[in-house]
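S.K.: Provided below are the primary sequence and the corresponding predicted coordinates.
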Amino acid sequence: MAKAAAIEVDTSDLTDRLPACRICGHRAHWLGDHLVEVHSLSLDAYLTAHPKAPTASADLMDRLKKDKPSSGRRDHPPAVDRLQISFAGIDVRVNHDVAVADCLSLPDHYRIPQYGNLKADIEEASISLACGRSIYIWGLPGSGKDAFFHAWSAMTRTPAKIFQVEPEADIRSWFFSHEIGGDGSYWEEGELLTALRDGYTTSTGRTIPYLILITDFDRATKEQAESLRLVMDSIEGRVKGPHGVTYKVMPGTQVVVTANTAGGGDSRGRMVSANIIDGSILDRFERKYEFHWMDWRDEEVIVKAKFPLLVERCPNVFPQVGHATNALRTAIANDDLYSEFSHRALCGWLGHAQDVISLSGKVPSNLLKRSSRVFLDGMPDEDTRESARHLIDPHLRGGAVDEGDTSHIRKDKLNDQF
């Protein structure tokens, strides 16, 4: 599990006595409540990722000592086999005996959404994960589909394997491959077969099932998708070997997939490699969810943590970018703009703005207009680029189209949520 990048805390300022959250930089006398409410992390999970990180101020500790004399007793941490976290409002057991390296990595600055459609999407999908269901999640690029499963695996220490569908990939080799050695040819068992059949053995000797994540599933050809038919059988999952031998899938194994479409091909015409998936295979997934783009109130917290130099030097860019993001995504959702604007695209925009400041040491007056070309230039044609420029223009200081009058800039708070 990859640790979220730590926030550098300036300890030279002795007037600031509050500990800082190593994930987002928030300061408070006590970080425990913040970790649960904002990051859905228990104190134990946070300290595992950031050992020796301060969580309470010296002032608070001094006050507690004065208000409550020591009784000679101390509260002990919970037993390792009873560790749990709250994930999207659900209490989930943490597998302390699963190695971090055998889980999917935690995305940098991951935040379980607190607002909007994606909050509801993840709450429902988390219930399905906690109950061991197979899941099909689809949505536009940058809606956090894969990140959701990565975060679940990392934060709950669920052993997981990830496989990506590519048009020319030989998915059969995930199960078996025909090899030639010194003694002739033979069949070698693939990584997916062994994971499905044997499960994962923990450091304490327990055998538990894997979470199997298959990404870009709607890129699969008919033959590739067919490989999952027996695996997803509702009576008993199984894999048929090359010599007619049938292997049973370990009970409790979860197969989850992500895609950009619901399985009927892409009616928008943007995901040209998406295929139609056999309806009887789709029906074998117990739960299906569409994921939406993140609400700006959640996304702003994440991008501020990712781009601390912008927070320090020009924090006013964030409400401007927030309005522009909302305008672009609303137009895309209404089919008024033939393009995408994912979280990756947003990070590209803000990332280039931070690069400009980092190298020059200055904040140009046209910073957002200048850095916006990193996503505008990637749009499919000039008409689309011009439409996007006019959508974001009213929200950027100085505009995106020209350097004219700036009196039209919106000053109100970002209340309109996509």
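M.R.: Okay, I see it. Keep in mind that this is a model prediction, so the values were computed, not measured.
S.K.: Leaving out chain neighbours, which residue sits closest to the residue nearest the centre of the chain?
M.R.: Among the residues of the chain, the one closest to the centroid is residue 147, at 2.3 Å (C-alpha atoms, centre = their mean). Take residue 147 and drop its neighbours on the chain: the residue closest to it by C-beta to C-beta, 6 or more residues apart in numbering is residue 107, 4.7 Å away. Any C-beta I mention is one placed from the backbone N, CA and C, and that applies to glycine too.
S.K.: thought that neighbour was touching residue 153?
M.R.: No. Counting by C-beta atoms under 8 Å, residue 153 is not a contact partner of residue 107; they are 11.1 Å apart.
S.K.: So if I had to pick from these two, which one is more boxed in?
M.R.: residue 153 (25 against 18; other C-beta atoms under 10 Å).
S.K.: Confirm that that one sits in a helix.
M.R.: Yes. Applying DSSP: H, G, I helix; E, B strand; the rest coil, one finds residue 153 inside a helix.
S.K.: quick one: the residue nearest to the centre of the chain and residue 110 touch, right?
M.R.: Yes. Counting by C-beta under 8 Å, residue 147 touches residue 110, with 6.3 Å between them.
S.K.: per-residue pLDDT, residue 8?
M.R.: Residue 8 is assigned 46 on the pLDDT scale.
S.K.: just residue 408 next, same as before
M.R.: So, for residue 408, pLDDT stands at 39.
S.K.: Just the C-alpha atoms of stretch 274-285, please, in PDB.
M.R.: Below are the C-alpha coordinates for stretch 274-285, written out as PDB (Å, rounded to 0.1, in the frame of the first residue of the first chain):
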ATOM      1  CA  ALA A 274     -15.500   0.100 -25.900                       C
ATOM      2  CA  ASN A 275     -17.400  -3.000 -26.900                       C
ATOM      3  CA  ILE A 276     -20.800  -4.400 -26.300                       C
ATOM      4  CA  ILE A 277     -20.700  -7.000 -23.500                       C
ATOM      5  CA  ASP A 278     -22.800 -10.100 -23.600                       C
ATOM      6  CA  GLY A 279     -25.900  -9.500 -21.500                       C
ATOM      7  CA  SER A 280     -25.800 -12.900 -19.900                       C
ATOM      8  CA  ILE A 281     -22.200 -12.200 -18.600                       C
ATOM      9  CA  LEU A 282     -23.200  -8.800 -17.300                       C
ATOM     10  CA  ASP A 283     -26.100 -10.400 -15.500                       C
ATOM     11  CA  ARG A 284     -23.700 -12.500 -13.500                       C
ATOM     12  CA  PHE A 285     -22.400  -9.400 -11.700                       C
END
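S.K.: Flag every buried residue along that stretch.
M.R.: By neighbour count with 16 or more other C-beta atoms under 10 Å, stretch 274-285 contains the buried residues 274-275, 277-278, 281-282, 284-285.
S.K.: same check, this time on stretch 244-252
M.R.: Per 16+ other C-beta under 10 Å, stretch 244-252 contains these buried residues: 247, 249-250.
S.K.: which residues touch that stretch?
M.R.: Contacts to stretch 244-252, defined as C-beta atoms under 8 Å, 6 or more residues apart in numbering, come from residues 132, 193, 196-199, 207-210, 231, 236-241.
S.K.: just stretch 90-104 next, same as before
M.R.: Outside stretch 90-104, the residues touching it (C-beta under 8 Å, 6+ apart) are 1, 45, 80-81, 83-86, 126-127, 130, 149-150, 153-160, 162, 200, 202-204, 206, 208, 211, 213.
S.K.: do that again at 6 Å, thanks
M.R.: With C-beta atoms under 6 Å, 6 or more residues apart in numbering as the contact definition, stretch 90-104 has outside contacts at 1, 80, 83-85, 126, 130, 150, 153-154, 156-157, 159-160, 202-204.
S.K.: gap between it and the chain center?
M.R.: 17 Å (C-alpha atoms, centre = their mean, to the nearest Å).
S.K.: That one - what's its average pLDDT?
M.R.: Rounded mean pLDDT across stretch 90-104 is 94.
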